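> Here is my input; please provide its structure:
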Amino acid sequence: MLNINKNLKGENMKHMRENVSKKINYLDAQQGKLEIYFEVNCKEQIIKATTVKQVVDALNITNGTDDDLCNGSGFDYAKENGFKNNDSAKKLWQTGYEVWLYSIQIQPNGKPLGFHLAFMKYKEVNALSSHNLTGRA
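Numbering: from 1, shown residues only. You can find the predicted model right below:
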């Protein structure tokens with residue numbers, strides 16, 4: 001099992017990315033943590049994430065998700081697995097995925113947007129979306 005705090009920094013992250021043979025293929029939730037499954041050198045690996053940044057880091061080292069992304073029952077019934085609500089694990093994953101999509105957008109200077117700017121953009125866009133959905137002026 002990967003420890004996201006130790007293995008997703010600098011050279012270790014670069015080395016991991018080179019050896020990833022399969023994109024994220026399975027999600028689950030256990031003990032209040034989102035479990036993200038993928039393969040490295042034909043061995044199943046798990047990243048446990050509790051923050052949006054950790055989800056984005058997982059997506060960065062695997063370069064995204066499989067077309068057939070599946071999830072376990074812990075993901076659907078997250079409240080029984082240490083999350084505040086049943087949809088909390090889904091929200092964590094969805095937010096991380098959307099921030100990741102923003103973060104890989106290429107800016108005019110040719111560099112990707114990056115996590116911090118992507119997270120600010122995500123919050124700005126979702127604040128506007130939420131505002132519009134409420135029907136408030």
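> could you measure Glu35 against Cys70, distance?
12 Å (C-beta to C-beta, to the nearest Å). Glycine gets a C-beta too; all of them are placed from N, C-alpha and C.
> of these two, who's got more company?
A side-by-side neighbour count of Glu35 and Cys70, using other C-beta atoms under 10 Å, places Glu35 first with 21 against 11.
> State the helix or strand in which the more buried one lies.
Using DSSP states H and E, Glu35 maps to strand 33-40.
> which secondary structure elements does that strand contact?
With contacts taken as 3 or more C-beta pairs under 8 Å, 6 or more residues apart in numbering; DSSP states H and E, strand 33-40 sits against strand 20-30, strand 43-49, helix 52-62, helix 88-103.
> Could you point out the helix or strand that follows the third one?
Yep, that's helix 52-62 we're talking about. Following helix 52-62 toward the C-terminus (DSSP H and E): strand 65-71.
> What's the mean pLDDT across that next one?
Strand 65-71 shows an average pLDDT of 91 in the prediction.
> which sections of this structure are below the confidence cut-off?
By pLDDT under 70, the low-scoring segments of the chain are 1-21, 128-137.
> how much space is there between the residue positioned nearest the centre of it and Pro108?
With distances taken as C-alpha atoms, centre = their mean, the residue of the chain nearest its centroid is Val55 (2.6 Å). Between Val55 and Pro108 the computed distance is 27 Å (C-beta to C-beta).
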